[in-house]
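>>> Here you go, sequence then predicted model.
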Amino acid sequence: MQHIPNTLSALRILCSLLLLIVQPLSAMFFVIYIVCGTSDVLDGYIARKTNSTSPLGASIDSVADVVFISALLAVFLPILQLSLWVICWIGSVALVRLGSLLVGYVKYHALSFLHTYANKATGLALFSFPFLYSIFGLTATSIVICGLASCSAMEELIINIKSKELLRDDAGWMFRK
């Protein structure tokens, strides 16, 4: 039972890579996509319920998230015809995230992906992209997701700069007591 969360994270990595070879927005794409989302929700839930959380598991989960988001960018960027300002915004968020990882690695000698509520909200918004896009269109969806991603990336960078120790499950600045 203790290995199930890490297995689910590994499944998300594999399925994320499969998204690169199936037809975008096809039925198979959405089946794999939903498996990715479900595995993301279940891995942490099962790890907490079975008391099998670990720094390794948190790192595998974060790497799986990065692979999933990278795969989505690789799939959607070529077909969406994003405006230059959206591409620049996505690039800026990526640079802030990389800066945060660099700061965390220098300070803690470890990958410093944090599981803040803002990061979770951003992950949910990113997962919802195909659905939000079909309802609200590209511009509105881009603004909402990039806005959330900007806030969560900046929060993670600030936490990594100011914290004395690596706390991967930090709720975030708004939820501190």
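Arrived safely. This one's a predicted model, so the numbers in the text were calculated from it and none came from an experiment.

>>> how far away is the closest residue to Thr116 other than its chain neighbours from Glu156?
Using C-beta to C-beta, 6 or more residues apart in numbering and skipping residues adjacent in sequence, the residue nearest Thr116 is Gly172, 3.6 Å away. Placement of C-beta: from N, CA and C, glycine included. Distance, Gly172 to Glu156, by C-beta to C-beta, to the nearest Å: 9 Å.

>>> Please identify which of those two sits among more neighbours.
Glu156 (27 against 20; other C-beta atoms under 10 Å).

>>> Domain ranges for the chain, per the record?
1-80, 81-177 (automatic domain parsing).

>>> Model confidence for the residue nearest to Thr116, exactly?
As predicted, Gly172 sits at a pLDDT of 81.

>>> Now do the contacts for it.
Gly172 makes contact with 116-119, 155, 159, according to C-beta atoms under 8 Å, 6 or more residues apart in numbering.

>>> Narrow those residues to those in helices?
In this view, the contacts of Gly172 that belong to helices under DSSP state H are 117-119, 155, 159.

>>> in this structure, which ranges drop under the pLDDT threshold?
Within the chain, the ranges that satisfy pLDDT under 70 run 1, 174-177.

>>> 80 - rerun?
Within the chain, the segments meeting pLDDT under 80 span 1-2, 168-170, 173-177.

>>> returning to what we had before: buried ones only from the contacts of Gly172, please, as a ChimeraX command.
Filtering those down to the buried ones (16 or more other C-beta atoms under 10 Å) takes a single ChimeraX command:
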select :116,118,119,155,159
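
>>> Next, give me the two most distant ones among the contacts of Gly172.
Spatially, the most separated pair among the contacts of Gly172 is Tyr117 and Ile159, at 12.0 Å (C-beta to C-beta).

>>> mind checking how far Thr139 is from Pro78?
As judged by C-beta to C-beta, Thr139 and Pro78 stand 18 Å apart.

>>> what about the helices in this structure?
4-19, 27-49, 55-80, 84-108, 117-127, 129-136, 138-162.

>>> which helices and strands sit right next to the fourth one?
Same thing as helix 84-108. Here helix 84-108 touches helix 138-162, going by 3 or more C-beta pairs under 8 Å, 6 or more residues apart in numbering; DSSP states H and E.

>>> Great, nothing more from me.
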